[in-house]
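Undergrad: What follows is a predicted structure for the sequence shown.
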Amino acid sequence: MAPVDQDPPVPVEGPPASARVTGARDHRERQIAAVLVRYGLSYLANVVGLERLVKVAPGRARRAAADAHTPAENLRLALEELGPTFIKLGQLVSTRADLLSPDYRAELTKLLDTAPAVPSEVVKDIVERELHAPVDTTFATFEAGPLACASVGQAHAATLHDGTDVVVKVRRPNVVEDMERDLEIITNFAARASRRSKTAARYDVIGLADEFVYALRAQLDYLQEARNAERFRANFAGDSSVQIPRVFPDLTTSRVITLERIRGMKITDLAMLDEAGLSHHAIAERTALITAKMIFEDGFFHADPHPGNFFIEPTGRVGIIDFGMVGSLDDRLREQLGRLLNGFLRRDPARLADALLALGSSTGVVDRARLRDDLRDLLGHYFGRSIAEVSLRSAIGEILEIVRRHHLRVPRDLSLLFTVLIIAEGLVAELDPAFRFAEALAPYARRHLLSGMTPDGVMRRLEEFGVDLVELAAELPSRLGRISEAIETGGLEVHVRTEEMDALLARAERLGNRVAASVLAAALIDALAQIATQRRRRTRRLQRGRKLR
């Protein structure tokens with residue numbers, strides 16, 4: 001995704017543009033180095049190549065500052081001091097249970113995305129430039145004071161001339177320029193760290209940095225947020241229990257977005273809900289079903305479901321706002337998720353291991369036997385429990401701890417999904433501690449798993465099977481030719497162990513046809529046996545020839 005347009009100049013105090021550009025990156029890297037050292041994170045500065053900029057503070061003072069907090073707290077404080085881009089980075093990384101331990105994730109979730117208000121005259125100037133009309137002409141009313149302020153933009157209440165209450169979100173001046181500079185620095189850090197650290201290379205920090213850059217740029221573009229909101233609105237068009245704000249396209253650009261205002265009680269304000277006579281259990285159930293529909297039916301979900309983005313109207317209808325951060329699950333990813341759920345529900349460690357390996361990626365060798373053993377131990381914790389007794393937070397946390405231990409990575413959208421499930425379960429539990437979130441999701445999950453058995457699903461699997469079979473058939477002659485050539489030149493030794501065939505068998509099993517897997521395995525074993533026999537015969541001929549000489 002290309003960077004969104006740069007902000008035009010606006011009358012705001014600060015150094016001239018030429019001074020901002022000249023040496024801005026080097027100056028920023030020196031700032032980053034100083035902050036990392038101050039919070040006892042010098043090792044991190046070294047990994048990303050900032051050691052040349054590190055000015056070591058007096059040892060006692062530096063240790064006192066760092067020792068006052070835990071390592072996780074120091075990281076959070078450093079990110080907060082480094083500003084909006086790094087706060088966003090911390091918030092996104094906090095969703096990656098496959099990368100960070102629980103104490104770091106818990107601390108990074110405390111990062112607050114707040115910023116001082118932009119002066120009202122600057123906001124009005126931006127709105128007028130973007131909408132090509134005076135604010136007083138475009139809106140019947142426009143409140144100068146913001147409803148909320150964040151690092152990317154701030155929201156203002158307004159009214160259209162037809163009386164419709166709206167919220168106008170305005171992107172802060174210079175935020176694109178400043179964040180693009182930081183994104184370039186973060187990308188460079190990832191490249192340096194990948195060269196300097198085996199751990200960084202193993203976790204593919206370059207790929208992670210690319211994911212972060214893509215996600216943040218999408219949040220900078222209000223046209224993308226508008227498209228997200230319209231998609232959610234279409235998905236819930238037939239559900240009267242959910243309200244998604246209407247977008248006003250004529251009053252929306254990449255820097256300004258105008259949406260229908262959602263009014264209601266904060267979903268976790270239990271006292272207000274009681275005063276309105278609303279059932280906590282009913283709202284918990286509705287929230288769970290909304291989450292399930294987004295994931296299993298639509299494959300497009302709200303990725304920032306914190307309480308401030310959910311409102312309850314006096315009628316009990318749920319209003320949802322803020323669509324800058326979303327996740328999506330394509331058919332392939334949803335099918336893999338179904339396999340993961342199926343492996344867990346069947347208490348089958350081998351099936352669960354295959355599903356995790358199909359979902360994730362790793363730059364190292366994965367010990368499948370140890371992975372299965374770890375998953376068998378995990379499943380043992382849940383033996384004899386009903387689905388109603390399963391905590392998704394615990395189950396997902398334990399699975400992702402195993403994923404992290406085996407240096408696997410899960411796709412970004414799936415990682416977002418796991419975080420959404422954990423947050424949503426916590427939200428529902430706050431409403432009604434007795435509500436069983438996993439049990440409410442189970443019917444949707446089962447329907448999704450069974451959807452693969454429809455005629456269309458079976459035909460799709462057969463098509464995939466045919467493509468993979470053709471690929472394997474096309475590859476086999478050339479590979480056997482190379483093996484034969486190696487035999488003739490005496491350059492081949494064969495050592496067959498069952499675990500070395502796992503990757504090939506996993507590919508065949510992915511076709512959903514165990515018969516094909518068995519035939520393929522039998523053919524391979526037969527071929528290897530013939531090769532080994534030919535090798536032994538050739539060796540005996542050579543030995544007889546030496547005796548005759």
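TA: Sure, I can see it. Numbering: from 1, shown residues only.
Undergrad: I figured residue 165 hits residue 157, correct?
TA: Yes - counting by CB atoms under 8 Å, residue 165 touches residue 157, with 7.2 Å between them. In this view, the C-beta of every residue, glycine as well, is placed from N, C-alpha and C.
Undergrad: the more surrounded of these two?
TA: Neighbours per residue (other CB atoms under 10 Å) separate residue 165 from residue 157, with residue 157 holding more: 16 against 13.
Undergrad: Next, count neighbours for the nearest residue in space to the more buried one that is not next to it in sequence.
TA: Take residue 157 and drop its neighbours on the chain: the residue closest to it by CB to CB, 6 or more residues apart in numbering is residue 143, 4.6 Å away. Neighbour count for residue 143, taken as other CB under 10 Å: 14.
Undergrad: show me what contacts residue 143?
TA: Residues near residue 143 by CB atoms under 8 Å, 6 or more residues apart in numbering: 156, 157, 158.
Undergrad: try residue 171
TA: 7, 126, 152, 153, 220, 222, 254, 255, 256.
Undergrad: same deal with residue 229?
TA: Contacts of residue 229 by CB under 8 Å, 6+ apart are 244, 245, 247, 259, 323.
Undergrad: and if you look at residue 235?
TA: When contacts are counted by CB under 8 Å, 6+ apart, residue 235 touches 293, 294, 298, 300.
Undergrad: Just to check, residue 256 is in contact with residue 222?
TA: Yes - between residue 256 and residue 222 a contact is recorded at 6.5 Å, counting by CB under 8 Å.
Undergrad: tell me, what's touching these two both at once?
TA: Joint contacts of residue 256 and residue 222 (CB under 8 Å, 6+ apart) are 169, 171.
Undergrad: more crowded one of these two?
TA: residue 222 (25 against 21).
Undergrad: Grab the nearest non-local neighbour of that one.
TA: Closest to residue 222 by CB to CB, 6+ apart is residue 257, at 3.9 Å.
Undergrad: what about that neighbour, how many neighbours?
TA: Neighbours of residue 257 using other CB under 10 Å come to 29.
Undergrad: did I read that right, it in a strand?
TA: Yes - under DSSP: H, G, I helix; E, B strand; the rest coil, residue 257 sits within a strand.
Undergrad: Please report the distance of it from residue 432.
TA: Separation of residue 257 from residue 432 (CB to CB, to the nearest Å): 34 Å.
Undergrad: Equivalent analysis for residue 286, please.
TA: 11 Å.
Undergrad: Outline the domain layout of the chain.
TA: As given by automatic domain parsing, the domain ranges for the chain are 17-112+177-215, 116-171+221-261, 262-451, 455-548.
Undergrad: Please tabulate the ones you listed in CSV, including the columns mean pLDDT.
TA: CSV is the format used below for the domains of the chain (pLDDT from 0 to 100):
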stretch, mean pLDDT
domain 17-112+177-215, 81
domain 116-171+221-261, 95
domain 262-451, 84
domain 455-548, 53
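Undergrad: Now stretch 91-102: buried residues?
TA: The neighbour-count check on stretch 91-102 (16 or more other CB atoms under 10 Å) flags 91, 92, 93, 94, 95, 96, 97, 98, 99, 100 as buried.
Undergrad: Could you list which of the residues you listed belong to helices?
TA: With DSSP state H as the criterion, helices contain 91, 92, 93 from among these.
Undergrad: Dump these to a markdown table, plus distance to residue 373.
TA: Below are those laid out as a markdown table (distance: CB to CB, whole Å):
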| residue | distance to residue 373 |
| --- | --- |
| 91 | 35 |
| 92 | 32 |
| 93 | 29 |
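Undergrad: and which of the residues you listed is nearest to residue 120?
TA: residue 91 (27.8 Å; CB to CB).
Undergrad: The closest one: what's it in contact with?
TA: 108, 109, 111, 113.
Undergrad: who wins for most neighbours among the residues you listed?
TA: When neighbours are counted by other CB under 10 Å, residue 108 leads the contacts of residue 91 with 22 neighbours.
Undergrad: Quickly note the distance from that one to residue 90.
TA: Distance from residue 108 to residue 90, by CB to CB: 5 Å.
Undergrad: And residue 135, by the same measure?
TA: Residue 135 is 35 Å from residue 90, by CB to CB.
Undergrad: if you count what's nearby, which of these two comes out ahead?
TA: A direct count of neighbours by other CB under 10 Å for residue 135 and residue 90 places residue 90 higher, at 22 against 19.
Undergrad: which residues does the more buried one contact?
TA: Counting by CB under 8 Å, 6+ apart, residue 90 has contacts 75, 76, 79, 108, 111.
Undergrad: what's the spacing between the one helix or strand the first one maps to and its chain's center?
TA: For residue 75, the enclosing helix or strand under DSSP states H and E is helix 71-82. The chain centroid and the centroid of helix 71-82 are separated by 21 Å, computed with CA atoms, centre = their mean, to the nearest Å.
Undergrad: so what does it touch, helix or strand wise?
TA: When contacts are defined as 3 or more CB pairs under 8 Å, 6 or more residues apart in numbering; DSSP states H and E, helix 71-82 packs onto helix 24-38, helix 84-93, helix 102-108.
Undergrad: Rebuild these as CSV, extending it with distance to residue 438.
TA: Listed next are the helices and strands packed on helix 71-82 as CSV, based on distance: least, CB to CB, whole Å:
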stretch, distance to residue 438
helix 24-38, 40
helix 84-93, 26
helix 102-108, 20
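Undergrad: what about the strands in the stretch 201-350 of the chain?
TA: With DSSP state E, counting those that start in this stretch, the ranges of strands along the stretch 201-350 of the chain come out as 242-243, 256-260, 265-266, 300-302, 310-312, 318-320, 326-328.
Undergrad: out of those strands, deepest packed?
TA: Scoring the strands of the stretch 201-350 of the chain by mean neighbour count under mean count of other CB atoms under 10 Å gives strand 256-260 as the most buried, with a mean of 24.
Undergrad: So which residues make contact with it?
TA: 126-127, 130-131, 158, 164-171, 222-223, 225-226, 229, 245-248, 251-252, 321.
Undergrad: Just the CA atoms of it, as PDB, please.
TA: Extracted in PDB, the C-alpha atoms of strand 256-260 (Å, rounded to 0.1, in the frame of the first residue of the first chain):
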ATOM      1  CA  VAL A 256     -11.400  14.100   7.300                       C
ATOM      2  CA  ILE A 257     -14.200  11.500   7.900                       C
ATOM      3  CA  THR A 258     -17.800  12.300   8.800                       C
ATOM      4  CA  LEU A 259     -19.900   9.600  10.400                       C
ATOM      5  CA  GLU A 260     -23.300   9.400  12.000                       C
END
